[in-house]
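> One predicted model, sequence on top.
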Amino acid sequence: TLPKIAWIGLGIMGSPMSENLVKAGYDVTGFTLEQDKLDRLAGAGGTAAGSLAEAVRDADVIVTMVPASPQVEAIAYGPDGILENARSGALLIDMSSITPQTSVELAKAAAGKGIRVLDAPVSGGEAGAIEAVLSIMVGGEQADFDEAGPIFDVLGRTVVRCGPHGSGQTVKAANQLIVAVNIQACAEAVVFLEKSGVDLKAALEVLGGGLAGSTVLTRKKDNFLGRDFKPGFRIDLHHKDMGIVTDAARSVGAALPVGAVVAQLVASLRAQGDGGLDHSALLRAVERLSGA
Ligand code: NAD
């Protein structure tokens, strides 16, 4: 029989991901802070829990998909949380993007309660979650990775164990560096092209077919063309991730000269009140710098 799953965090990513598990036949009990998201899971065939403790109590596998390290720590260590209430032998899969250090500490603390942990952050965005084609980068024990394999296969397409606890998060930090720099390059090209009077739709179409083509360009093209910055992936979250990669790189002595500049632009957008917009809104930062 399939493991019983508790899913904590039904946001932009967690809702479609948990629903894909329901569709695949899993018994999924969810908990999140918004009632409408709980209702949505129940409507899709899952179960809405009244509390975190109730959700995790008899779960075989607990998945967390929440914004950042503080939320993962509250859910894991709080009085209503996983370490107090989950059964010994349960497997905790944290799919949030958090600091590698938090993942390492969580694995250690949970082991004291007989709970195994994998860090398994994802890339592919809301579309990747809905279409179940996420890249899933995993840190933790091989045996736990193997046990979680069927669940990962429902949620994603490229699933790789990268090493011990925390290494999934380190790879995700690198992912966020590449994505941010790529969006920034596209945004600069868009402003340059428009100011030059070239048809932007035509330009982006042909750029997408050459070496400049990328998943970012393909997936964010309509955001750029329509100035549609509905998230997607919020600037607030990318700001958090640029902080994670900046700190992690400094701690190992890796230089991120371009990443550091893009991190400043992300921080500036947030400071100007644009934290709730999609990260393609880096276009706005370039427009402001260009007087556009
Ligand atoms: P979101 O803000 O849409 O959703 C977060 C969810 O967590 C909310 O439903 C909220 O209720 C829940 N939550 C927060 N604190 C909680 C608590 N204490 N108890 C229970 N639930 C709680 O965020 P998202 O875009 O779904 O992102 C989730 C994670 O996935 C983040 O770490 C993000 O960096 C990462 N991520 C997001 C994307 C994307 O494109 N949106 C892509 C890859 C990775």
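Happy to help now that I have it.
> ok, now which ones touch residue 290?
191, 195 (Cβ atoms under 8 Å, 6 or more residues apart in numbering). Glycine gets a C-beta too; all of them are placed from N, C-alpha and C.
> again, only this time at 6 Å
residue 191 (Cβ atoms under 6 Å, 6 or more residues apart in numbering).
> Residue 281 now?
229, 274.
> cutoff 10 Å now
Residue 281 sits next to 183, 187, 223, 227-232, 234-235, 238, 266, 269, 274-275, 287 when contact means Cβ atoms under 10 Å, 6 or more residues apart in numbering.
> Residue 37 now?
Here residue 37 is in contact with 9, 10, 11, 12, 14, 15, 18, 30, 31, 48 (Cβ under 10 Å, 6+ apart).
> so which of the contacts of residue 281 are also by the ligand?
residue 232 (Cβ under 6 Å from any ligand atom).
> From the contacts of residue 281, list just the buried residues.
With burial judged by 16 or more other Cβ atoms under 10 Å, the buried subset of the contacts of residue 281 is 183, 187, 223, 229, 231-232, 234-235, 238, 266, 269, 274-275, 287.
> Using TSV, please lay out those residues together with distance to residue 106, pLDDT and secondary structure.
Listed next are those as TSV, based on distance: Cβ to Cβ, whole Å; pLDDT from 0 to 100; DSSP: H, G, I helix; E, B strand; the rest coil:
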residue	distance to residue 106	pLDDT	secondary structure
183	30	98	helix
187	35	98	helix
223	34	98	helix
229	33	98	coil
231	27	96	coil
232	27	93	coil
234	24	97	strand
235	26	98	helix
238	23	98	helix
266	26	98	helix
269	30	98	helix
274	31	98	helix
275	26	98	coil
287	40	97	helix
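> So which residues lie in contact with the longest strand seen in the chain, not counting its own?
Ranked by residue count, the top strand of the chain under DSSP state E comes out as strand 156-163. Contact with strand 156-163 is made by 17, 20, 95, 118-120, 122-124, 128-129, 131-142, 144-146, 148-149, 151-153, 167-172, as judged by Cβ under 10 Å, 6+ apart.
> among those residues, which are in helices?
Under the assignment DSSP state H, these contribute 17, 20, 128-129, 142, 144-146, 148-149, 151-153, 167-172 to helices.
> Got a ChimeraX select line for the buried ones in those residues?
Buried residues within these, by 16+ other Cβ under 10 Å, are selected in ChimeraX with:
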select :17,20,128,129,144,145,148,151,152,167,168,169,170,171,172
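> roughly how far apart are the closest residue to residue 292 other than its chain neighbours and residue 278?
Spatially, and ignoring its direct neighbours in sequence, residue 292 is nearest to residue 191 (5.8 Å; Cβ to Cβ, 6 or more residues apart in numbering). In this view, residue 191 and residue 278 are 17 Å apart by Cβ to Cβ, to the nearest Å.
> Ok, residue 62 next?
Relative to residue 278, and taking Cβ to Cβ, residue 62 is found at 29 Å.
> Looking at those two, which is more packed in?
Neighbours per residue (other Cβ atoms under 10 Å) separate residue 62 from residue 278, with residue 62 holding more: 27 against 22.
> Tell me the residues of this structure that contact the ligand?
Residues of the chain lying near the ligand (Cβ under 6 Å from any ligand atom): 8-14, 31-34, 37, 52, 65-68, 71, 74-75, 96-97, 122-123, 125-126, 232-233, 237.
> Which of these fall in strands?
8, 31, 122, 123.
> contacting residues around the third one?
Yep, that's residue 122 we're talking about. Contacts of residue 122 by Cβ under 10 Å, 6+ apart are 13, 17, 65, 95-97, 128-129, 134-138, 152, 155-156, 158-159, 168, 172, 175.
> count of neighbours near the residue in the chain that the ligand sits nearest to?
The nearest approach of the chain to the ligand comes at residue 11, 1.7 Å away (Cβ to the nearest ligand atom). For residue 11, the tally of surrounding residues (other Cβ under 10 Å) stands at 19.
> quick one: contacts for it?
Residue 11 touches 17, 32, 33, 34, 37, 65, 66, 67, 96, 126, 234, 237, counting by Cβ under 10 Å, 6+ apart.
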